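S.K.: Any chance you could fold what I've pasted below:
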Amino acid sequence: MDKILRIDMGAEGGPKVTVSPLGKYAGLGGRAMTSAVISGEVPALAHPLGAENKLVISPGLLSGTIAAMSGRISIGCKSPLTGGIKESNSGGQAAQVLARLGYAAVILEGKPGTDDLYKIIINKDGVKIEVDNSLKLLPNYDLIEKLKPVYGDKMACLSIGPAGERKMAIASIACTDMEQRPTRHAGRGGPGAVMGSKGVKVIVLDDTGMAMRAPKDPEKFRDANKRFVEGLMKHPVSGQGLPAYGSNVLTNILNEAGGYPTYNFKEGRFAGASKISGEVMAGLESKRGGNPTHGCHRGCVIRCSGTYNDKDGHFLSKQPEYETVWAHGGNCGIDDPDAVAMLDFLDDNYGVDTIDMGVAIGVAMDAGVAKFGDAKAAIDLVHEVGKGTPMGRILGGGAAATGRAFGVERVPVVKGQAMPAYDPRAVKGMGVTYATSTMGADHTAGYAVTSNILKVGGFVDPLKAEGQVELSRGLQIATAAVDSTGMCLFTAFAIIDQPETYQALLDLLNAFYGLTLTADGVVALGKKVLSMERDFNTRAGFTAKDDRLPRYFSAEPVPPHNVTFDVKDEELDKVFNW
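M.R.: Numbering: from 1, shown residues only. A predicted model of the protein is given here:
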């Protein structure tokens, strides 16, 4: 990955392609790359859908190698949802293919002056950009089916659905998986709307004829990878729980802990949780000819992504992730696994973030638009988004916009982005992360569930304020660094608990690049990334008041524990003091 591909979609005479050396961005990948480019090149006060914003697509530092779990891709922009900096992360094949093609980043710039729709084809021979208005408003699955006969079974795609073309604030970018299904999504913060504003429907990648990226020290690299995989496989979370039940293994766990937000964050337990748990859905997948254990990209050894078939044995969706099952399930009072899987499919097909979509529907249900538990109504509402109706555009603007439209007082968002599947009153470390993350409410930014609930890396009582700031701070720093490597965050369970697995990750980076990176260097990288992001947000107008949860989380106890979020504001303001 020794070059950056820039495509100016607003150039005179049509899109212009420029390939340049890495220059000042040398040594960066993934989130470090996207945040460096956005922070350094995009005016902080730019309109997210304007010509000044950029969409940065970057594989991680280890993507395109034989390193296990290295296929995550980072997509960055100024977010149309939050108004701040955004890195949205996805699995799928795109990172591995783009890295083998030699690109550390693809940067979409400018804005076309026409309403033409473009497709971009990148392979070993270079870059082609073509107008293809026949693709307009195609849902993601239909789009990929149309492209397969043209570009073959080796392609990997990044695409947007109708929501992205209509520039909805929760629009996602779909990444195809190993079966060329658009099931993996960079959803948080609306990057699909930015891609739509650039007039780009799809980026087709093909690494045919390209070799795997070669390390500086192949022998040490292979040895480090072997030790890394061994560590992942012997950890009970990454080696047993996730492969067997997917991330939805958390449903019963969080429900039992009283931190499972129910009926738009009114309660901490859902009576129907067991009906949509990971154990139940994995059983259905096996019974119907699907597969509960499946990788989203080549090189994945945890394999937490399954395939979910309908009652007739036909593919319906990928195995819905925990956050998706919660957002459309307990949050909306729905306990039908087939309805949840259908909602997951529709989100992917129309191209919207499953978390913000489910929370927006929950807010609408709270307003009386539909009743909690009405699965048909929820499905109909997602179809409204796909059709672009006025109701669909409200919901497609996210939970915050939905709350404003319907006059709902209790809207669970931070910086305009919907909270994921952990009530911040009952899992207080997550509350600190939601409040202070540069990305808005985001569970992956600092996944305090590790110590609050799963007791990975020790135990910090989730119901008490003590220790939560320190926990979130450390996890936010570590996450920013891991997001830069291309590694899946689910490797963190083993990395946190097993010093030898953490060392194996350092050895992978050192053997590949010829470095002498230590744990201190990882911390320094994480701090550097967060500092760039905080700087952008400050210039965009964010202040300490934006690092807060909505007031009602401090005022209204959540059952069954009847606790409030009581981490003090002055403590939240210390998260980034280092």
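
S.K.: Could you verify my assumption that residue 281 touches residue 325?
M.R.: Yes - between residue 281 and residue 325 there is a contact under Cβ atoms under 8 Å: 7.5 Å. Placement of C-beta: from N, CA and C, glycine included.

S.K.: joint contacts of these two?
M.R.: Common contacts of residue 281 and residue 325, defined by Cβ atoms under 8 Å, 6 or more residues apart in numbering, comprise residue 248.

S.K.: Would you mind telling me which of those two has more residues around it?
M.R.: residue 325 (31 against 27; other Cβ atoms under 10 Å).

S.K.: Give me the mean pLDDT for whatever helix or strand that one lives in.
M.R.: Applying DSSP states H and E as the criterion places residue 325 in helix 322-328. Averaging pLDDT along helix 322-328 gives 98.

S.K.: which helices and strands sit right next to the lowest-mean-pLDDT helix or strand in the chain?
M.R.: Lowest on mean pLDDT, DSSP states H and E among the helices and strands of the chain sits helix 242-245, with a mean of 91. The elements that helix 242-245 packs onto, with contact taken as 3 or more Cβ pairs under 8 Å, 6 or more residues apart in numbering; DSSP states H and E, are helix 278-287.

S.K.: Any idea how far the helix it packs on is from the middle of the chain?
M.R.: 24 Å (Cα atoms, centre = their mean, to the nearest Å).

S.K.: what's next to it, contact-wise?
M.R.: Against helix 278-287 from outside (Cβ under 8 Å, 6+ apart): 244-252, 274, 290-292, 306-309, 319-320, 322, 325, 337, 341.

S.K.: try it again with 10 Å
M.R.: 241-253, 273-275, 277, 290-294, 304, 306-311, 313, 319-320, 322, 325, 335, 337-338, 340-341 (Cβ atoms under 10 Å, 6 or more residues apart in numbering).

S.K.: List every C-alpha atom in it, with coordinates, as CSV.
M.R.: Extracted C-alpha coordinates of helix 278-287, given in CSV (Å, rounded to 0.1, in the frame of the first residue of the first chain):
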residue,chain,number,x,y,z
GLY,A,278,-28.2,-15.7,19.7
GLU,A,279,-28.8,-19.3,20.9
VAL,A,280,-32.3,-19.4,19.3
MET,A,281,-31.3,-17.7,16.0
ALA,A,282,-28.3,-20.0,15.6
GLY,A,283,-30.6,-23.0,16.1
LEU,A,284,-32.9,-21.7,13.5
GLU,A,285,-30.0,-21.1,11.1
SER,A,286,-28.8,-24.7,11.5
LYS,A,287,-32.3,-26.2,11.2
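
S.K.: is it true that residue 59 touches residue 97?
M.R.: Yes - the pair residue 59 / residue 97 is scored as a contact, 8.6 Å apart, by Cβ atoms under 10 Å.

S.K.: Could you measure from residue 230 over to residue 68?
M.R.: The gap separating residue 230 from residue 68 is 10 Å, by Cβ to Cβ, to the nearest Å.

S.K.: Looking at the two, which is more packed in?
M.R.: Counting neighbours by other Cβ under 10 Å for residue 230 and for residue 68 shows that residue 68 has the greater number, 22 against 16.

S.K.: Tell me where the stretch 151-300 of the chain has helices.
M.R.: All helices of the stretch 151-300 of the chain, identified by DSSP state H, counting those that start in this stretch, fall at 162-165, 191-197, 218-234, 236, 242-245, 250-257, 278-287.

S.K.: hang on, the earlier thing: helix or strand right after the helix holding residue 325?
M.R.: Next in line after helix 322-328, if elements are assigned by DSSP H and E, sits helix 337-350.

S.K.: so what does the helix or strand just after that next one touch, helix or strand wise?
M.R.: Once helix 337-350 ends, the next helix or strand along the chain (criterion: DSSP H and E) is helix 354-366. If contacts are counted by 3 or more Cβ pairs under 10 Å, 6 or more residues apart in numbering; DSSP states H and E, helix 354-366 sits against helix 322-328, helix 337-350, helix 375-387, helix 390-395, helix 399-406, strand 413-414, strand 417-418.

S.K.: got these as CSV, with distance to residue 475 columns?
M.R.: CSV is the format used below for those (distance: least, Cβ to Cβ, whole Å):
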stretch, distance to residue 475
helix 322-328, 17
helix 337-350, 27
helix 375-387, 32
helix 390-395, 31
helix 399-406, 24
strand 413-414, 16
strand 417-418, 18
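
S.K.: To residue 499, which of these lies closest?
M.R.: helix 322-328 (27.6 Å; Cβ to Cβ).

S.K.: ok, residue 290 touching residue 319?
M.R.: Yes - Residue 290 is within contact range of residue 319, at 7.7 Å (criterion: Cβ under 10 Å).

S.K.: What residues are bridge-paired with residue 20?
M.R.: Under DSSP bridges, the beta-bridge partners of residue 20 are residue 4.

S.K.: wait, what's in contact with it?
M.R.: Contact analysis of residue 20 by Cβ under 10 Å, 6+ apart lists 3, 4, 5, 6, 107.
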